[in-house]
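1. fold the following for me, if possible:
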Amino acid sequence: MSDLVAQAQQLAANLLDAPTLAQRWAHVQGVGQRAVELTATVEPHQRDLLVAASWLHDIGYAPDLVDTGLHSLDGARYLQQHGFSPQLVGLVAHHTCARFEATERGLTDDLATFPLDDGPLMDALVTADLTVGPQGQRLDADERIAEILRRYPPESAVHRAINRAAPLLLAHVRRTLNRLDCTALDGGH
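-> Just a heads-up that it's a prediction; the model follows:
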């Protein structure tokens, strides 16, 4: 395990491993594990970044970090303040089509201050997030989107954002799974 991944894992545990966040912590652990499985879909020099971002993607739910209510933005701001790389911070800021929720919350300009990676790295991060449920269990992306929509009432910013973002979210997952299939056919090279 690289120093970056170890640091990310420890920070996530420090912020999220609490009784009140038990489901969130289970989800994050599952996403971190899933990201390891998806590393073949990104360039070798990006693999640690993918796994670190997976461990850190939901730290904005930690009570001490909540500021705007947009967990991806709150987590990214914390990481930026603590000297993490702009690329890692941008992945956390924009994961799982956060721009849709930012629009719902009037935070588009705030989110736009962070770099957006919309390539294979973001595809893999979104796939890791959308193929792991709240208890850390593996789900299909369609099931995960349905679970999120059931958990949040229709009038919530999260529900509206996920509902609007669903086609793009599924496209991220499709691209990653296609890359994974190609890598498997190619013998992992």
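2. which parts of the worst-scoring helix or strand of the chain on mean pLDDT are buried?
-> Ranking every helix and strand in the chain by mean pLDDT, DSSP states H and E puts helix 157-185 at the bottom, with a mean of 94. Using 16 or more other Cβ atoms under 10 Å as the test for burial, helix 157-185 gives 157-162, 165-166, 169, 172-173, 175-177, 179-180. Heads up, the C-betas are built off the backbone N, CA and C, glycines and all.
3. out of these, who's nearest residue 111?
-> residue 161 (11.8 Å; Cβ to Cβ).
4. from residue 39, how far out is that closest one?
-> The spacing between residue 161 and residue 39, counted by Cβ to Cβ, to the nearest Å, is 28 Å.
5. which neighbouring elements make contact with the least confident helix or strand of the chain?
-> helix 98-105, helix 120-130, helix 141-151 (3 or more Cβ pairs under 8 Å, 6 or more residues apart in numbering; DSSP states H and E).
6. TSV please, covering the ones you listed and showing mean pLDDT.
-> Below are the helices and strands packed on helix 157-185 laid out as TSV (pLDDT from 0 to 100):
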stretch	mean pLDDT
helix 98-105	98
helix 120-130	98
helix 141-151	97
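7. contacts only, for residue 146.
-> Taking Cβ atoms under 8 Å, 6 or more residues apart in numbering, we find residue 146 in contact with no residue.
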